[in-house]
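J.: below is the structure, and that's it, no one-letter string:
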């Protein structure tokens, strides 16, 4: 069938955010520190009735939702923990997929206890490009006899957008492919504290590959839509955001008709799409030089007031280079809030002097940390590299790992953060930095181990297990013996040093998986054989607010309340926020931009819908 991007669900989404914007207009907006709605939904309103309107006065964002794609897949390589799925629409769908791949004896494969049927889903973020990788979630249905997905491999699965149209399931074209090692949720839980179902749910980190490009856009309000207005808004945006291609000046905005403008994304905003859209909507339409001077003076005054600094910095960034002098005055402010917002805007304008204030904000104020690190990552100046390098030695695990991620996206080929691929499975990064030694394991984007510090060693233990097939034992004071054992085969033994990087490399050579290495490192930490700090997924928590007069302690308790701004795409874990909403947070986590409340597999998923139909048919 032909591709149709505007499902009825999308229409509901548009209606949802239109209603929300209307509510904001009716009730007014709160201080940026106290806001409870998403910043991307806030109408941008000028203070002066005589000033030129902003783009946001006439247009609303489009394409800012996370795009759910799902399908059915087969996990193989299980240790007799799989099952033959019962008759169901999911089984039929999987058989059809297998036959389309010309799989021999599909019924026999499904019947094996070394395989399991799973539901597969992923989110394609706003602005995703063809070839971009995303995390994939796999879940074994509750009505199967599968007991664990641990150690499994997801065969290639096709993921599509699915919607209910007039009580019928409708599927779009294949939007993404998924496959790879499954890491079950139970891996990172403390032994004995696993929750029911965590062995039946897992992720393929970075296992999804987008097959589509997603464009952003602006939808003109009904009372403003016209060919003239669309062209005028497009020209204003292109006057601010443009590049040269073969000598021709190319803008990011392309008016398609009287009510819609398509937007491309500048590289500098690639990892903070929400900010890009907020900046776009803060661009003023053409105005006289006198009006522009008055606007700049008014925004400079607002910038120096902490309660209005966020909005003023955004509008100055939207103006462009003319706003830099005012932002530099904010950079000299003694108020940390003013200084942060000014520095963030300057970074997106490519100004190197923003790097140090942003690094200070990342280290001292956790509410600003993710935005500060993302902004630094956009700078290609040596000041930005130096600032990020120094943050690698901070006490906070979040700050250290966040700085590492920022350095990765800033320059993936940097020898310091490039790392090495072990066993075609996971990457190892060794950073010879100062500060407390730390070992970090990621639960998002890629299977990745980062060792912070020099000469991180393991005290030689009597023995420790790494999965079901590997064990390490003391060889002498400075060496370890790695033993691989298989039923009916002679044990294989390899000796390595007690340097942690050397041990991890040896384990990978002997076939250890990512979760096997984590199991061993955690056991070593618990047993007192590893003195370095062990951290898992030191990523942002939702609901952080900036408290004036307070600095971040080195050991950070969980935050409560609402987030100052939505987490940038560089650090956002959409699958985690969705599952956390279902399991623990309830309504605490808010949607971002024009995204509707997250749907879940357990409630609005099309699998649940068609499964309920099947149950109804089977039980008259």
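T.: Yep, that arrived. Since the model is a prediction, treat every value here as computed from it, not as a measurement.
J.: contact partners for the nearest residue to residue 406 once chain neighbours are set aside?
T.: Using C-beta to C-beta, 6 or more residues apart in numbering and skipping residues adjacent in sequence, the residue nearest residue 406 is residue 377, 3.9 Å away. From N, CA and C alone the C-beta is placed, and that goes for glycine too. Going by C-beta atoms under 8 Å, 6 or more residues apart in numbering, residue 377 touches 271, 384, 388, 406, 407, 409, 410, 570.
J.: now a ChimeraX select for only the buried ones of the residues you listed.
T.: To isolate the buried ones among the contacts of residue 377 in ChimeraX, judged by 16 or more other C-beta atoms under 10 Å, type:
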select :271,384,388,406,407,410,570
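J.: turn the contacts of residue 377 into JSON lines, including distance to residue 428.
T.: JSON lines is the format used below for the contacts of residue 377 (distance: C-beta to C-beta, whole Å):
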{"residue": "271", "distance to residue 428": "24"}
{"residue": "384", "distance to residue 428": "25"}
{"residue": "388", "distance to residue 428": "20"}
{"residue": "406", "distance to residue 428": "19"}
{"residue": "407", "distance to residue 428": "16"}
{"residue": "409", "distance to residue 428": "19"}
{"residue": "410", "distance to residue 428": "20"}
{"residue": "570", "distance to residue 428": "22"}
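J.: so which of the contacts of residue 377 belong to helices?
T.: 384, 388, 406, 407, 409, 410 (DSSP state H).
J.: list just the nearest of the residues you listed to residue 152.
T.: Nearest to residue 152 among these: residue 409, at 29.9 Å, using C-beta to C-beta.
J.: the closest one: what's it in contact with?
T.: Per C-beta under 8 Å, 6+ apart, neighbours of residue 409: 271, 377, 570.
J.: list the buried residues in stretch 299-319.
T.: 299-300, 302-304, 306, 308-319.
J.: re the thing from before, among the contacts of residue 409, which lie within strands?
T.: Of the positions in the contacts of residue 409, not one sits in strands, assigned by DSSP state E.
J.: correct me if wrong: residue 423 contacts residue 506.
T.: No - with contact defined as C-beta atoms under 8 Å, residue 423 does not count as touching residue 506 (10.9 Å).
J.: neighbour count for the two, which is higher?
T.: residue 506 (20 against 16; other C-beta atoms under 10 Å).
J.: who are the packing partners of the host helix or strand of the more buried one?
T.: Using DSSP states H and E, residue 506 sits in helix 500-509. Helix 500-509 is packed against strand 420-422, strand 426-431, strand 448-452, strand 470-476, strand 479-484, strand 492-497, helix 514-526, with contacts defined by 3 or more C-beta pairs under 8 Å, 6 or more residues apart in numbering; DSSP states H and E.
J.: count of residues packed around residue 421?
T.: The number of residues near residue 421, taken as other C-beta under 10 Å, comes to 12.
J.: quick check: the gap between it and residue 449.
T.: Applying C-beta to C-beta, to the nearest Å, the value for residue 421 to residue 449 is 11 Å.
J.: list residues touching both of these two?
T.: What both residue 421 and residue 449 touch, as defined by C-beta under 8 Å, 6+ apart, is the set residue 427.
J.: nearest residue to residue 403 in space, ignoring adjacent ones along the chain?
T.: Leaving aside its sequence neighbours, residue 403 sits nearest to residue 391 (C-beta to C-beta, 6+ apart; 3.7 Å).
J.: residue 288 versus that neighbour, what's the distance?
T.: 44 Å.
J.: so those two - more neighbours on which side?
T.: residue 391 (28 against 9).
J.: list the contacts of the more buried one.
T.: Residue 391 sits next to 359, 362, 363, 373, 399, 400, 402, 403 when contact means C-beta under 8 Å, 6+ apart.
J.: what about the fourth one, which SS state?
T.: The assignment at residue 373 comes out as helix when based on DSSP: H, G, I helix; E, B strand; the rest coil.
J.: was I right about it contacting residue 405?
T.: Yes - judged on C-beta under 8 Å, residue 373 makes contact with residue 405 at a distance of 7.3 Å.
J.: name the element the closest residue to residue 147 other than its chain neighbours belongs to?
T.: Nearest non-adjacent residue to residue 147, counting by C-beta to C-beta, 6+ apart: residue 81, 4.7 Å away. Using DSSP H and E, residue 81 sits within no helix or strand.
J.: phi and psi next, for residue 81.
T.: For residue 81, the backbone dihedrals (degrees, to the nearest 10) come out as phi -110, psi 0.
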